[in-house]
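**Student:** Based on what follows, work out the 3D shape:
(chains A and B, ligands or ions: 3)
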Amino acid sequence: MDDATLVDYAKTLDCIHCGLCLNACPTYKLTGAEPSSPRGRVHLMRSVAEGTLQPDSEFAEEMDFCLLCRACESACPSGVQFGVLMEHTRAGLQTERRGSFFARAARWIGFRVILPSRFALRLVAFVGRSAQRTGLTRFVSRFGFARALRDAPTIPPSAKRALLQPMTPARGEPRGVVGVLQGCMMPELFGRVNRATVAVLAEAGFESRVPSAHVCCGSLHAHNGDREGARFLAQKTIVCFEDIVDASGHPSPIVVNSAGCGAHMKDYAHLFDADDPWHERAHRFAERVVDFSEFVALPRTRAALERRLRDRPSRAQAVRVTWDDPCHLCHAQKIRSEPRALLDLLPGIERVEMRDSEGCCGSAGIYSLLRPDDAAAVLEPKLQELSDTRAAILVTGNPGCQLQWSAGVKRAGLNVRVAHIAELLDEALQHGPIDPADRNA
Amino acid sequence: MEPKIADGLRAIVGDRGLTTNATRRATYESDGLAHVRQVPDLVLMPRDTRETAAALRFLKEWNVPIVPRGAGTGLSGGATPVAGGVLISTARMRDVIEVDSVNRFARVQAGVVNVDLTHACADHGLFYAPDPSSQKACTIGGNVAENSGGPHCFKYGSTTQHVLGLVFVTIDGEIIDLAEPCVDPLGLDLVGVFVGSEGLLGIATEVTVRLLPVPPVVETLLAIFDDLDSACDSVTDMIAARLEMSAIEILDKHTIDAIEASVLAAGYPQNAQAVLLLECEGSDVEVAAALRDIEPILARHGAYDIRRARAADERARLWAGRKGAYGAMGRIAPDLYVTDAVVPRTRLRELVRATTDICEKRGLKVANVFHAGDGNLHPNICYDRRDKDELARVLDAGDEIMRVCLAAGGSLTGEHGVGLEKIEGMEWLFSHDDLAAMCRVREAFDPKRRMNPGKLLPMRACMETRSAVRPNEPRNG
Ligand SMILES: Cc1cc2nc3c(=O)[nH]c(=O)nc-3n(C[C@H](O)[C@H](O)[C@H](O)COP(=O)(O)OP(=O)(O)OC[C@H]3O[C@@H](n4cnc5c(N)ncnc54)[C@H](O)[C@@H]3O)c2cc1C
Ligand code: SF4
Ligand code: SF4
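**Tutor:** Ligands and ions are numbered 1, 2, ... in the order given. The predicted structure is shown next:
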């Protein structure tokens, strides 16, 4: 690959060097360094494409340091498509990168063996759980990976890792059929969020269908430079959901409870060239993809839930909650008001805004695994913002953020519950008052 | 550059405060004036006054040029590096040191971003008035150096009216502490001298600014016009009628189209030829009275629709569109050249026309968005810097606009500064004696003229030929 194709040159020209994106960028705020800013990164890409700069190790480092949070896109009036630019560059760098044998093997196993296979994912979860229970992880951590292993999430017992049923019927008057993405890692780490998702959909009158052959949407692949893998998994995803239709044969909406996956699936078309037939197919698929909060906040669905929630018992003292906008919900999908409107339906809560709620928490897909120190540094100021809100519950809509916040809250010794919005809605529908403590913990 | 310099600086600011790597340095090669470029030899990011002073003391013996940089949003090349020089960035000086809500002032480090200062005092019901359209990114230090303005400076005045005190470090590493917030400085007003000096007199490290109480009522009007001329004329009339508004901005059709196509779509009507964005602030009675006076003037000049926004989010949307206008124009072409000219407000219509003609005559696409209340025009010219011929036509148009505005009794720059861009214009506007006097002020602080050489004051006037430091010409294009 030559340097000209390493970068999507035409898209770099959208940047007029105004700098309005600087202060939105978490890595710039952390370092104050221009090369670690969106403008700096676009400048580097453009210089490489124009041949005035070599794509050396510093170049690669800046591309890796980026969280791909896309906050710069929300700030940029000139419409620079930063996410697409960065995915392109990372894919280019990946084909050139040598790296150690160990790193390449780990990457290959992770992306090509584990993520696409339900069996492998379940096996990893099983082994991981056993290791955590027997204290083996503590033992192993003496030999390295201390931080990753210490911050690794606790894998729930197997009963809580059950997959979703292929079909969950609506409760009460049925209003339609939806496809539900259960995700690759979600069942292993957040089975409860998946169960809450279909339960809320059922209460709202929707039958959930989960294609059992489907495993991974491929967003981690695309964000980390494996475009080939991403394309393959996109095609598989499109096929798996194609025959989920409603009673009259219309393709059903596909509800996604992970902001990162949803953003990527809505963007599938850009993985394929315009003249590839998959481009059009991906486009049609994307139109069906909706985020969980986006779908549930639609007027009729919301009205149905509101009716059910109205007579739920409340509590005397309101519980303070705050919403942290996942980057791939607010910056990538432009979804901001919907989750807030849903939280406002919950009985006995007081919703407060957190400053910089649209700033990245540092989870960023597998970023927190690859660069744990940077990820923790990005979260640091946000932990302060959280504690300033005096909220008892921090609500999010993305599993990666949920993990990152849980680890951060624990580290900082804050007494804050971290929950997915589907869990809270489900809890309110089942029990009424929201519990400031985690019922499942 | 001599490796010993890097070693010495590293001992002062640490690894994270120094950039030597060529790839990383390349990103500093320009500010918002993107067609002029020069990679700095070193980039230094001190964390406070002490580190800045130590670094400058150390650099004194090496006799290299120094260029201060804030966020690099400047549009006149003030922060363009100088060959063989060290760029000193304030991007790691971002602490709000103190907000005194009773005495209504704040002390901040120079690298604090304008909008972060406003957020920091919002809880006290106070705000910092100068609001450049780049406020989301530009630094207070940069604002001080450029004496920046903004839409609301029509009412509140530009940065210089809001700076109460300063700490700055001279080229020799001496700390000049003028941080005490005093309304009427005793002795020589050095703060006043420093504001607007475009980084020639030293590096500001701390700034004490005046804070104002947030007005109880704010109302924003959007007046929609069928032609740009009438919008200009209505402003001339409002000024003549001595109406008290806090901001008067005009956006033309091209600008409206670009904004409405961007993430900042503000709901400006796309069939309008021009819109006027007006704001009134004060008590309920004052705002009502002002609106009563304004509306007939707008109507007389043919505003066919007047929309009012009182809710905070609606107002925010109207302003976000205005403030993102420059960036939004980036959708039209890869580069944008923002000219910054000041004209008498009695001749707005005529000179807006003239600037448009100057551009169109050269086959250039121009969009107008400007601080009409201050007579501060910003014809934005779209171009592609890779096209050398087009770039030449753009610069030529910029020159002619400057001459026409000067001839009409206007000025060189309203708020973006002289920098590299308008240095020739200084010789059109000032006599040799004027310039020599300015140079003597500069030399009182920096006898060898090592601080930001080649900016603001023309070399010839300062007799730079006998200077110890001879910056190379930055490359163009
Ligand atoms: C989209 C856009 C809109 C803009 N709108 C406006 C506007 O409405 N009004 C307006 O006035 N300007 C505007 N500008 C111009 C620019 O933002 C201002 O000039 C701003 O004050 C520059 O701040 P900065 O931190 O980016 O400084 P830089 O661009 O980094 O530097 C500007 C100058 O200040 C010097 N400098 C920086 N920091 C210091 C310091 N600490 N001590 C001494 N010297 C220093 C530099 O050497 C340079 O000469 C706009 C620019 C853009 C890109
Ligand atoms: S805001 Fe957009 S156009 Fe401006 S510097 Fe950033 S990426 Fe470039
Ligand atoms: S995606 Fe996020 S981290 Fe990357 S440049 Fe944009 S704002 Fe910065």
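**Student:** Domain boundaries for chain B, per the record?
**Tutor:** Following automatic domain parsing, one finds the domains of chain B at B:3-89, B:96-213, B:217-327.
**Student:** so which of the ones you listed comes closest to chain A?
**Tutor:** domain B:217-327 (3.0 Å; C-beta to the nearest C-beta). Bear in mind the C-beta positions are built from the backbone N, C-alpha and C, glycine included.
**Student:** how about the residues of the stretch 351-477 of chain B near chain A?
**Tutor:** The stretch 351-477 of chain B comes close to chain A at residues residue B:384, as judged by C-beta under 8 Å from any C-beta of the partner chain.
**Student:** Pull up the residues of the stretch 351-477 of chain B that are close to ligand 1.
**Tutor:** Residues of the stretch 351-477 of chain B lying near ligand 1 by C-beta under 6 Å from any ligand atom: B:415-416, B:419, B:452.
**Student:** Nearest residue to residue 360 in space, ignoring adjacent ones along the chain?
**Tutor:** No chain in the question, so chain A it is. residue A:69 (3.8 Å; C-beta to C-beta, 6 or more residues apart in numbering or on different chains).
**Student:** The chain in question should be chain B.
**Tutor:** Leaving aside its sequence neighbours, residue B:360 sits nearest to residue B:366 (C-beta to C-beta, 6+ apart; 6.9 Å).
**Student:** for that neighbour, what are its contacts?
**Tutor:** With contact taken as C-beta atoms under 8 Å, 6 or more residues apart in numbering or on different chains, residue B:366 is in contact with B:254, B:355-356, B:359-360, B:379-382.
**Student:** ditto for residue A:309
**Tutor:** Contacts of residue A:309 (C-beta under 8 Å, 6+ apart): A:345-347, A:428-429.
**Student:** Tell me which of these fall in helices.
**Tutor:** In this view, those that belong to helices under DSSP state H are A:428-429.
**Student:** circling back to that earlier point, what secondary structure does the residue nearest to residue A:360 sit in?
**Tutor:** With DSSP: H, G, I helix; E, B strand; the rest coil as the basis, the three-state label of residue A:69 is coil.
**Student:** do residue B:275 as well
**Tutor:** At residue B:275, secondary structure determined by three-state DSSP is strand.
**Student:** Write out the residues of chain A neighbouring ligand 3.
**Tutor:** Within chain A, the positions adjacent to ligand 3 are A:24-27, A:38, A:41, A:66-72, A:82 by C-beta under 6 Å from any ligand atom.
**Student:** For the residue of chain B most remote from its centre, what is the enclosing helix or strand?
**Tutor:** Distance to the chain centre peaks in chain B at residue B:4, reaching 35.9 Å (criterion: C-alpha atoms, centre = their mean). Element membership of residue B:4 [criterion: DSSP states H and E] is helix B:3-13.
**Student:** List the strands paired with the helix or strand just after that helix, with their directions.
**Tutor:** Next along the chain after helix B:3-13, taking DSSP H and E as the criterion, comes strand B:18-19. Using DSSP bridges, the strands paired with strand B:18-19 are strand B:42-44 (antiparallel).
**Student:** need the helix or strand of the chain with the lowest average pLDDT.
**Tutor:** No chain in the question, so chain A it is. Ranking every helix and strand in chain A by mean pLDDT, DSSP states H and E puts helix A:146-151 at the bottom, with a mean of 64.
**Student:** So what are the sheet partners of the following helix or strand past that one and their directions?
**Tutor:** Per DSSP H and E, the first helix or strand lying C-terminal to helix A:146-151 is strand A:167-168. Note on strand A:167-168: by DSSP bridges, its sheet partners are strand A:206-209 (antiparallel).
**Student:** got the contact list for the partner strand?
**Tutor:** In contact with strand A:206-209 (C-beta under 8 Å, 6+ apart) are residues A:164, A:166-170, A:174-180, A:197-198, A:201-202, A:244, A:252, A:255, A:301.
**Student:** what subset of these is also close to ligand 1?
**Tutor:** Counting by C-beta under 6 Å from any ligand atom, no member of the contacts of strand A:206-209 reaches ligand 1.
**Student:** Strands - which of the residues you listed land there?
**Tutor:** Those of the contacts of strand A:206-209 mapping onto strands are A:167-168, A:176-180, A:255, per DSSP state E.
**Student:** that's a helix at residue A:384, yeah?
**Tutor:** Yes - according to three-state DSSP, the state of residue A:384 is that of a helix.
**Student:** Now do the SS call for the residue lying closest to residue B:304 once chain neighbours are set aside.
**Tutor:** Nearest residue to residue B:304, sequence neighbours excluded (C-beta to C-beta, 6+ apart): residue B:224, at 6.0 Å. Following three-state DSSP, the label given to residue B:224 is strand.
**Student:** before we move on, what about residue A:363?
**Tutor:** Three-state assignment for residue A:363 (three-state DSSP): coil.
**Student:** That one contacts residue A:376, correct?
**Tutor:** No - in this structure residue A:363 lies outside contact range of residue A:376 using C-beta atoms under 8 Å: 10.8 Å.
**Student:** the more surrounded of those two?
**Tutor:** residue A:363 (28 against 18; other C-beta atoms under 10 Å in any protein chain shown).
**Student:** Just the pLDDT for the more buried one.
**Tutor:** pLDDT recorded at residue A:363 is 90.
**Student:** In contact with it, which residues?
**Tutor:** Counted by C-beta under 8 Å, 6+ apart, residue A:363 has contacts A:375, A:398, A:400-401, A:403-405.
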